[in-house]
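Chemist: Have a look; sequence and predicted model below, questions after that.
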Amino acid sequence: MTTPDTFRVRPLTTRRRTPCGALLGCLFSPLLLADDTPLKLEPQSISAPSVESTAVAEMARYGSKLEIIDRQQIERAGPSSDITRVLQMYVPGLYVAPKNGPFDYGTYSLLGGRNDDTLILLDGVRLNNRLYGGLYLDTLPANAIERIEVLKGGQSLLFGTQAVSGVINIVTRSPQTRATSGEVNLGLDSFMGQSGDARVERIFGNGFGDLGLLAYVSHNVSDGYQPYRNSAYSASTRDRKRAYEVTTFGAKAIQGFADDSRLELFYQYSDANLDFARPLNNKKTTNDRIQQIATATFEQRLSEGFSYFVKGHVNDWDTRYTRINTTEGGGSKVINHNDYWGFTDWGLQAEGKAELDGGHVLVFGSDNQWFKGQDDVLKIDNQQAQANALYTQLRPVFETLPDWHPSIGVRHEKISGGESATVGMLTSLYDLTPHWQLRGQYGSAFKLPNAEQLYANEDYEKGNPNLKPEKSVNAELGLDYNASLLAGEFNASVSAFRRKIDDLISLDASRVWNNGQGRIRVRGIELDGRWQFSPQWNLSADMTRNLVESRNGVTLSNIPGFFARSRLGFESLDRMWGVGGAIRYIGSIASSKKVDYGHYSVVDADAYRYLDNAQQHRLSLLVENLFDRDYATSMTSSAPAVDNLGRPFTSEVRYTYRF
């Protein structure tokens, strides 16, 4: 999952569109800094086998729905964007609501799933922590990402627990040029938020083969915006904005050995100081965090018919939490002072792919993970866990049905504490015509209880070591069309999904974690389409309808019943400038406290302008919430619950220099 089979460079003419605003006049003025021809770099490659690097994308060939967000789209997401913002803009069927702007926790729902029903991977490494079960995307910088792969539907077969409604694999950038190259970006927004990042890369030849090196650094800082309405704040609240400062650096080294093997090493370090906004009696609430992620992957093709990879990883997260309240007399009360919470995850995965006689393909592997943590804020009696899994998948070929591409597989996973889980999956893709494809998948998925659910020991929350895994039966059916419409490229798809969840893990009325009685049913439909109706104009749109049925008073919360997006873009024929606009609509959402929110539309706009014919210098703009709509992204857990407000009207400008 980490990189394509070979490192290949496209001509260095990647473009970004960003918003229309007061600076549009100077953006589109005939300012040219150079008179030369566009800068292009010749394609280069480091030979590599095709096992681990294509594991997510390959499932699209056998009936799973795959969305890929490329580097151009990532760049349009704005100077201060994190991964949450990118996902919010571009993934059909995925509802994303950042809590209080960039670099904050968010609410996610893919195909009617909950926050932790989607598995998040960074280069194939699990980011969902097994001790607390949350999604932690809030400090991942967008500048370090090459593409994002979103695989929809139940995917526990290859990816294990929490891949109930899909998998999001975030693929970091890799070196692609033999000449030293890179870029520098500087950004500023209307709240005086500042961003800067840089990247440099090069491929060298040595006695073993080719060695590719890449390094990047980024820094984002802002005082942020006021995330609650004035009426929500108590008179004693001192800190009314939600600020952040995030610094990240990372490096990747890839050594190729002849044409049949490769070793890849990756390391990323993030240092984040994040405000936690609170409306009542807040003087200071901060989350100071250091996160380190390291991976090592060896891939080898032993023969034309067999290849494998071995991957090891460490994900280390250390947070110091401080909460200071104000008192009625104007004093201060320390609730938490640098209280520690954090975790360390280790993993070792091995997977092989064998091409058998007749064209059949057999995939098999072992996935082993170890977790430990510490929490001085929430007491958890047992803060260690271990998970071990074996899985296999057969992708047969039938000579009498050459247009049918099926797969079938099984996985067994065991975690220390709680019961084991066994799941199976059948997928199918059928080429009806050169333009029409019918796809579907059916199988089971699972979510193992996390350490908090098993072993929490507070007056307000009790764990249950006898919890069973949450199991679901998933079915997805889709129809895809890809052809031309009025001389322009057009593709569209419709997908229907259905999920039945047993042994739902939730807090009961006594604040004890238990498996719910009865079965929860989720169903829905997703439609999306893209139309390049001229060489300059393109249009994309998607909509999703979710229906959730509750049983015995237990239901799923924070899942929108309906949401939709549309985007219209224009680029000049010489690709020197472009503009775009997008609108998203979110329907009704019910919070865990049965409070209804949502019901809003937000319009964004963007534009870019190259300043020289070589396309080394570029200005870009983004305007978020163009009409300054007041809307709620989620509800606070405090009593009474109040709205977490989405980002107000914000304009951002970025300068890019490429070399």
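Modeler: Arrived safely, thanks for sending.
Chemist: Tell me which stretches of the stretch 451-600 of the chain form strands.
Modeler: With DSSP state E, counting those that start in this stretch as the definition, the stretch 451-600 of the chain shows strands at residue ranges 457-458, 461-462, 470-485, 488-502, 505-507, 513-515, 519-532, 537-549, 562-571, 577-590, 596-610.
Chemist: quick one, which of these is nearest to V410?
Modeler: Proximity to V410 (C-beta to C-beta) singles out strand 470-485 among the strands of the stretch 451-600 of the chain, at 14.3 Å. (Glycine included, C-beta is placed from N, CA and C.)
Chemist: secondary structure class for D612?
Modeler: coil (DSSP: H, G, I helix; E, B strand; the rest coil).
Chemist: from here on, count from 805
Modeler: Happy to do that; since the first residue is 805 now, the last one works out to D1416.
Chemist: Tell me the confidence at it?
Modeler: D1416 is assigned a predicted lDDT (pLDDT) of 96.
Chemist: do the same with G1357
Modeler: 63.
Chemist: Using a markdown table, lay out the strands of the stretch 1255-1404 of the chain together with mean neighbour count and distance to A1047.
Modeler: As requested, these are arranged in a markdown table below (neighbours: other C-beta atoms under 10 Å; distance: least, C-beta to C-beta, whole Å):
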| stretch | mean neighbour count | distance to A1047 |
| --- | --- | --- |
| strand 1261-1262 | 12 | 29 |
| strand 1265-1266 | 16 | 29 |
| strand 1274-1289 | 18 | 37 |
| strand 1292-1306 | 18 | 39 |
| strand 1309-1311 | 18 | 32 |
| strand 1317-1319 | 20 | 34 |
| strand 1323-1336 | 19 | 36 |
| strand 1341-1353 | 18 | 33 |
| strand 1366-1375 | 18 | 29 |
| strand 1381-1394 | 19 | 26 |
| strand 1400-1414 | 20 | 23 |
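Chemist: low-scoring stretches of the protein, by residue?
Modeler: 805-858, 883-884, 938-939, 942, 1221-1222, 1356-1358, 1442-1444 (pLDDT under 70).
Chemist: Select the longest strand from it.
Modeler: For the chain, the strand reaching the highest residue count under DSSP state E is reported as strand 1136-1159.
Chemist: Go through that one and flag the buried ones.
Modeler: By neighbour count on 16 or more other C-beta atoms under 10 Å, the buried set for strand 1136-1159 is N1140, W1145, G1146, F1147, T1148, D1149, G1151, Q1153, A1154, E1155, G1156, K1157.
Chemist: Compute the inter-axis angle for the helix or strand where F1175 lies and strand 1136-1159.
Modeler: Under DSSP states H and E, the secondary-structure element containing F1175 is strand 1165-1179. Put simply, strand 1165-1179 runs at 160 degrees to strand 1136-1159, going by axes from the mean of the first three to the mean of the last three C-alpha atoms, to 10 degrees.
Chemist: can I have the very next helix or strand once past strand 1165-1179 written out in PDB, keeping just the CAs?
Modeler: Of the helices and strands lying after strand 1165-1179 in sequence (DSSP H and E), the nearest is strand 1188-1199. Provided in PDB are the C-alpha atoms of strand 1188-1199 (Å, rounded to 0.1, in the frame of the first residue of the first chain):
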ATOM      1  CA  GLN A1188      -2.300  -3.900  27.200                       C
ATOM      2  CA  ALA A1189      -3.600  -5.900  24.300                       C
ATOM      3  CA  GLN A1190      -2.500  -8.300  21.600                       C
ATOM      4  CA  ALA A1191      -4.200  -9.300  18.300                       C
ATOM      5  CA  ASN A1192      -3.100 -12.100  16.000                       C
ATOM      6  CA  ALA A1193      -4.800 -12.900  12.700                       C
ATOM      7  CA  LEU A1194      -4.500 -15.300   9.700                       C
ATOM      8  CA  TYR A1195      -6.200 -14.700   6.400                       C
ATOM      9  CA  THR A1196      -6.400 -16.100   2.900                       C
ATOM     10  CA  GLN A1197      -8.200 -15.000  -0.300                       C
ATOM     11  CA  LEU A1198      -8.600 -16.900  -3.600                       C
ATOM     12  CA  ARG A1199      -9.100 -14.900  -6.900                       C
END
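Chemist: next one: the strand holding F1175 to chain centre, how far?
Modeler: How far strand 1165-1179 lies from its chain's middle: 20 Å, per C-alpha atoms, centre = their mean, to the nearest Å.
Chemist: Partner strands of that strand and their direction?
Modeler: Sheet pairing of strand 1165-1179 (DSSP bridges) gives strand 1136-1159 (antiparallel), strand 1188-1199 (antiparallel).
Chemist: Just put the ones you listed in CSV and tack on distance to K956.
Modeler: What follows is the strands paired with strand 1165-1179, written out as CSV (distance: least, C-beta to C-beta, whole Å):
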stretch, distance to K956
strand 1136-1159, 21
strand 1188-1199, 18
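Chemist: So for T1237, which of those strands sits nearest?
Modeler: strand 1188-1199 (22.5 Å).
Chemist: Report the central residue of this structure.
Modeler: By C-alpha atoms, centre = their mean, the mean C-alpha position of the chain lies nearest to I972, the distance being 5.1 Å.
Chemist: If it is in a bridge, with which residues?
Modeler: I924, V954.
Chemist: Over to I1324?
Modeler: The partner list for I1324 in beta bridges (DSSP bridges) reads I1305.
Chemist: distance of it from R1355?
Modeler: To R1355, I1324 is 6 Å away according to C-beta to C-beta, to the nearest Å.
Chemist: What of H1209?
Modeler: 37 Å.
Chemist: And V1399, by the same measure?
Modeler: From V1399 to R1355 the distance is 21 Å (C-beta to C-beta).
Chemist: do the same with S1297
Modeler: Distance of S1297 to R1355, computed by C-beta to C-beta: 31 Å.
Chemist: what do you get for V1021?
Modeler: Relative to R1355, V1021 is positioned 50 Å away (C-beta to C-beta).
Chemist: Show me which of the two is the more surrounded one.
Modeler: Shown here are V1021 and R1355; by other C-beta atoms under 10 Å, V1021 has more neighbours (18 against 14).
Chemist: That one belongs to a strand, doesn't it?
Modeler: Yes. According to three-state DSSP, V1021 belongs to a strand.
Chemist: Let me know whether it touches A1002 as I believe.
Modeler: Yes. In this structure, V1021 is within contact of A1002 by C-beta atoms under 8 Å, at 5.6 Å.
Chemist: Whichever strand or helix holds V1004 pairs with which strands, parallel or anti?
Modeler: Per DSSP H and E, V1004 falls inside strand 998-1009. According to DSSP bridges, strand 998-1009 forms sheet pairs with strand 985-993 (antiparallel), strand 1014-1026 (antiparallel).
Chemist: List the buried residues of the first one.
Modeler: If you call a residue buried by 16+ other C-beta under 10 Å, then strand 985-993 has these buried ones: S985, G986, E987, N989, G991, L992, D993.
Chemist: what's the offset of it from the middle of its chain?
Modeler: Using C-alpha atoms, centre = their mean, the offset of strand 985-993 from its chain centre is 22 Å.
Chemist: same question, the longest one
Modeler: Per C-alpha atoms, centre = their mean, the displacement of strand 1014-1026 from the mean C-alpha position of its chain is 19 Å.
Chemist: Correct me if wrong: F1431 contacts V1407.
Modeler: Yes. Counting by C-beta under 8 Å, V1407 is a contact partner of F1431 at 5.8 Å.
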